[in-house]
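Visitor: Sharing a sequence plus its predicted fold:
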Amino acid sequence: MTANATQPPVIEDTTTDHERDVAAIEQVIADVETAFNTNDPDLLTAHFAQNASVVNAAGILMSGRDALLEANRKGLAGFLRDEHARYEVGDIVFLRPDIAIAHKNAWATKADGELIDVAPAMIALYVLVKEQGRWWIVARQNTLTPS
């Protein structure tokens, strides 16, 4: 790097009080947890934009809300039917007043909520956009973590 090269910027909105936005995004992720644990594909898909893009934990890309809803219906009625999880928002960064990224840690649990995992079994990256007065998930990447 030369002496006159510019440093990359820190891209983060610090001009807005995001207290309500944080609560709204935490509620989005809480709804996703509730939907997963109650096998509710409609609620699981409710916060995704029409053109959302999701990579699941198996590395499969799904594009569009309709494809995601269909995958959620199949998964929750099938191989995920008896699975349960606990989610925790790790961090939320506002890139712009209306664009945020959030990390979610996930632990497998028993049906009663008792943890099976000691460490998170998965981490997810959410990209959210505030549109029509609410936060929408436009992208999510799920990654299994080493045990």
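Guide: Sure thing, it's come through. Numbering: from 1, shown residues only.

Visitor: can you give me how far the lengthiest strand in the chain is from the chain middle?
Guide: Criterion DSSP state E: the longest strand present in the chain is strand 84-96. Offset of strand 84-96 from its chain centre (Cα atoms, centre = their mean, to the nearest Å): 7 Å.

Visitor: The helix ranked longest in the chain - contacts with which helices or strands?
Guide: Looking across the chain with DSSP state H, the single longest helix is helix 19-37. Contacts defined by 3 or more Cβ pairs under 8 Å, 6 or more residues apart in numbering; DSSP states H and E place helix 19-37 against helix 41-45, strand 84-96, strand 99-109, strand 122-131, strand 134-144. In this view, the C-beta of every residue, glycine as well, is placed from N, C-alpha and C.

Visitor: any idea of the angle that helix forms with strand 122-131?
Guide: 130 degrees (axes from the mean of the first three to the mean of the last three Cα atoms, to 10 degrees).

Visitor: hang on, I101 packs against V127?
Guide: Yes: between I101 and V127 a contact is recorded at 5.6 Å, counting by Cβ atoms under 8 Å.

Visitor: still on that earlier bit, give me the buried stretch members for the longest strand of the chain, please.
Guide: By 16 or more other Cβ atoms under 10 Å, the buried positions in strand 84-96 come out as H84, A85, R86, Y87, V89, I92, F94.

Visitor: Using PDB, write out every CA atom in it.
Guide: Only the C-alpha atoms of strand 84-96 are listed here, as PDB (Å, rounded to 0.1, in the frame of the first residue of the first chain):
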ATOM      1  CA  HIS A  84     -36.400 -27.600  17.300                       C
ATOM      2  CA  ALA A  85     -34.000 -24.700  17.800                       C
ATOM      3  CA  ARG A  86     -33.200 -21.700  19.900                       C
ATOM      4  CA  TYR A  87     -32.100 -18.600  18.100                       C
ATOM      5  CA  GLU A  88     -30.100 -15.700  19.400                       C
ATOM      6  CA  VAL A  89     -29.300 -12.500  17.500                       C
ATOM      7  CA  GLY A  90     -25.500 -12.000  17.700                       C
ATOM      8  CA  ASP A  91     -25.300  -8.500  16.200                       C
ATOM      9  CA  ILE A  92     -27.000  -6.000  14.000                       C
ATOM     10  CA  VAL A  93     -25.200  -3.500  11.900                       C
ATOM     11  CA  PHE A  94     -27.000  -0.700  10.000                       C
ATOM     12  CA  LEU A  95     -25.200  -0.100   6.700                       C
ATOM     13  CA  ARG A  96     -27.700   2.700   5.800                       C
END
